[in-house]
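**Student:** just the structure for this:
(one chain, ligands or ions: 1)
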Amino acid sequence: MAIRIIRTEGDEILKKKSREVEIVDEKIRELAEDMLETMHKLNGVGLAAVQVGILKRVIVIDTYEEGVEPFVLINPEIIKTKGEQTVEEGCLSFPNKFAKVLRPKEVTIKALNKDGKKIEVKGKDLLAQAICHEIDHLNGEVFIDKIIPGTLELITQE
Ligand code: NI
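**Tutor:** Below you'll find the predicted structure:
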C-alpha cells in the first residue's frame with residue numbers, strides 16, 4: 001500500500017470524465033487500497049480515483065460510523081434518489097474551501113465491489129452525500145461548481 005498524491009484545484013484532470021473499469025483485477029484492488037490509505041491519512045470521507053490522477057471509475061468512502069466498513073465502489077451508478085438535504089461540503093482536492101450544496105437525502109446505487117461482484121448500496125444522509133460527491137468526480141464535476149451562492153468559506157490553514 002502507498003500514499004498517493006492528491007490532485008488539487010486548478011489541475012485539469014479534475015474536469016475529465018473517468019472510464020469504466022472493465023476487469024476488476026489486482027491493479028484495481030491495489031489502486032483502491034492506496035486510495036483508502038490516502039483518504040484515511042487525510043481524514044477524508046471519500047476519494048475518487050481521478051483525484052489521485054487515475055481516470056477510472058473507482059471511488060472509496062468511509063463515513064467513520066462504528067461497525068461500518070469503508071466502501072470500495074467500482075463503476076458506481078445511481079439508480080434511485082429520494083428527497084434532498086442541504087449540507088456542508090468539502091473536498092480533498094479543495095483543501096481550503098467549504099460550502100453548502102444540495103444533495104439527495106437518500107440514494108441507491110449499483111456498483112462492483114473489490115472482488116468484481118455486483119452490489120447494491122443504499123445510503124442516506126452523509127453516505128448519500130459522499131456517494132453523490134464522488135460520482136460527480138467520475139463525471140468531471142466538482143462540488144465547487146454547484147455550491148449554494150453565498151455559502152463559500154475559505155479556511156486558512158496554519
Ligand atoms: Ni471531492
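
**Student:** need the next SSE after the strand or helix carrying D136, C-terminal direction.
**Tutor:** Counting by DSSP states H and E, the element that carries D136 is helix 126-138. As assigned by DSSP H and E, the chain's next helix or strand after helix 126-138 is strand 153-154.

**Student:** what does that next one contact?
**Tutor:** 96-99 (C-beta atoms under 8 Å, 6 or more residues apart in numbering). Where C-beta positions appear, they are placed from N, C-alpha and C, glycine not excepted.

**Student:** quick one: strands adjacent to that strand?
**Tutor:** strand 94-103 (antiparallel) (DSSP bridges).

**Student:** which positions within the partner strand qualify as buried?
**Tutor:** By 16 or more other C-beta atoms under 10 Å, the buried positions in strand 94-103 come out as 94, 97-101, 103.

**Student:** can you pull out the low-pLDDT segments for this structure?
**Tutor:** Applying pLDDT under 70 to the chain flags the ranges 157-158.

**Student:** quick check: neighbours of the longest strand that it contains in the sheet, parallel or antiparallel?
**Tutor:** Using DSSP state E, we find that the single longest strand of the chain is strand 71-82. If you go by DSSP bridges, strand 71-82 pairs up with strand 58-61 (antiparallel), strand 106-112 (antiparallel).
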